[in-house]
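S.K.: Following is a predicted model, sequence given first.
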Amino acid sequence: MNLYTYPVIASTLTTPIPPTPKRQHLTRLLKIWRSDGWPSKDALEIELLVAGWVHAVTEDCHEKLRLSESGLALIAASRQRNQRALSTHDRLAERVAGHLHDAGRVVWRELSLRAKVGPEPEITFPLKALDLFNQEMEGYTDAPSASLATPAPIEAAGTFEPTVGGWRMARPDVFSVRNTSVEAYLHPVVHEIKVSRADLFSDLRHAAKRASYQWLCCECHYVFPAGMAQPDELPLELGVWVIHGDIDTGRLEQLRPARHSSCTLPFPVWLSLAKATAWQPERESRQVHLGQPEGPLPGSPNTSDSGVLSASVAPGDCDGHAD
């Protein structure tokens, strides 16, 4: 009886190495760098090991992962690309978000929230501007009546109170609330980032946009580089923050506080916040440090009630038994 034998493959089988790291590779490398290096034992980790971007080492009788020189070079190059890609607007928004986060607030960026607003209010021109219309020009007799030059009451001009109307999508640059479980203490705040004078005053002309922010928050602030505009050029309801010097290292200063108004976040806004991911600074570790401190933790079998070690482990003995 003839037995069929399978041919032997002489070439060595090797796992294909990705030519360039993908986004998930860079994310995992950064997480390993920030953490204590505990392995996850998944397929993505296999690709990192085969590519030589991480090494498996044994420290204190525990297997851990450490980045290789090529892995460090990858995340360093990725960070440089991200920094170059950030615009001036994004860098200033990151500074403001970090400032609010350090103050203990929960921060979101680039949200899209539905806000209830009314129709565009009528624009009230200054008295001097209206006087120009009352001057009779040659060949033109249909000049506006003198009643049009009467200025509107101050309390009606620049109001943020939305009237009955439709809905619009509000996209605040930075939205934050206090880190509290009491709804009345949330104090939602919007910070709008502007890096050019033209963009600032173009934004201020949209009263419906400001009304949508007021519907979502207790205070609305505008943040821009120092010297770009003066606080008295903005409506009194708006807070004014400026940054002095370089955006990444400059000093943030509040020139004028915002007018505070009570605000209760509606349920649809809560649902949108729950679906979104709160902003976290890049410097903060996303993984808890898993390294065990020296000696067993209090309450473990090797400790007494006072938390003092009752039996010592010989150095270098992974099983806890002395030779």
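M.R.: Structure's in. What do you need?

S.K.: ok, now how distant is residue 251 from residue 238?
M.R.: Distance of residue 251 to residue 238, computed by CB to CB, to the nearest Å: 21 Å. To be clear about C-beta, it is placed using only N, CA and C from the backbone, and glycine gets the same treatment.

S.K.: In terms of packing, which of these two has more residues around it?
M.R.: residue 238 (23 against 10; other CB atoms under 10 Å).

S.K.: Any stretches of the stretch 51-200 of the chain with poor pLDDT?
M.R.: 83-85, 118-165 (pLDDT under 70).

S.K.: Let me see the ranges of the helices in it.
M.R.: 69-85, 88-102, 127-134, 197-204 (DSSP state H, counting those that start in this stretch).

S.K.: Compare these and give me the one nearest residue 32.
M.R.: helix 69-85 (8.1 Å; CB to CB).

S.K.: Show me which residues of stretch 240-253 are buried.
M.R.: 240-243, 247 (16 or more other CB atoms under 10 Å).

S.K.: If you could redo that for stretch 47-61, that was the one I meant.
M.R.: So for stretch 47-61, counting by 16+ other CB under 10 Å, buried means 47-49, 51, 53-54.

S.K.: cool, and stretch 93-104?
M.R.: Buried residues in stretch 93-104 (16+ other CB under 10 Å): 93-101.

S.K.: Stretch 80-94 now?
M.R.: In stretch 80-94, counting by 16+ other CB under 10 Å, buried: 90, 92-94.

S.K.: what does it contact?
M.R.: Stretch 80-94 has contacts (CB atoms under 8 Å, 6 or more residues apart in numbering) with 109, 173-174, 193-195, 223, 225, 243, 247-248.

S.K.: ok, now stretch 61-70?
M.R.: Counting by CB under 8 Å, 6+ apart, 29, 32-33, 36-39, 45, 48, 51-58, 75, 318 sit against stretch 61-70.

S.K.: now swap in stretch 219-237 and tell me
M.R.: Under CB under 8 Å, 6+ apart, the answer for stretch 219-237 is 92, 96, 158, 160, 187, 189-197, 200-201, 204, 210, 213-214, 238-244, 247, 252-253, 255-261.

S.K.: Put the buried members of those residues into a ChimeraX selection.
M.R.: One line in ChimeraX is enough to select the buried ones among these; burial here means 16+ other CB under 10 Å:
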select :92,96,158,160,187,189,190,191,192,193,194,195,200,204,210,213,214,238,239,240,241,242,243,247,256,258
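
S.K.: re the thing from before, so of the contacts of stretch 61-70, which ones are in strands?
M.R.: When the contacts of stretch 61-70 are checked against strands (DSSP state E), the matches are 54-58.

S.K.: Let's verify residue 208: helix, strand, or coil?
M.R.: helix (DSSP: H, G, I helix; E, B strand; the rest coil).

S.K.: Count the neighbours of it for me.
M.R.: 17.

S.K.: Verify the stated contact: it with residue 115.
M.R.: No - contact criterion CB atoms under 8 Å: residue 208 and residue 115 do not qualify, at 9.3 Å.

S.K.: between those two, what contacts are shared?
M.R.: In contact with both residue 208 and residue 115: residue 168, using CB under 8 Å, 6+ apart.

S.K.: For stretch 21-41, buried residues please.
M.R.: Applying 16+ other CB under 10 Å to stretch 21-41 flags 21, 25-26, 28-30, 32-33, 35-37 as buried.
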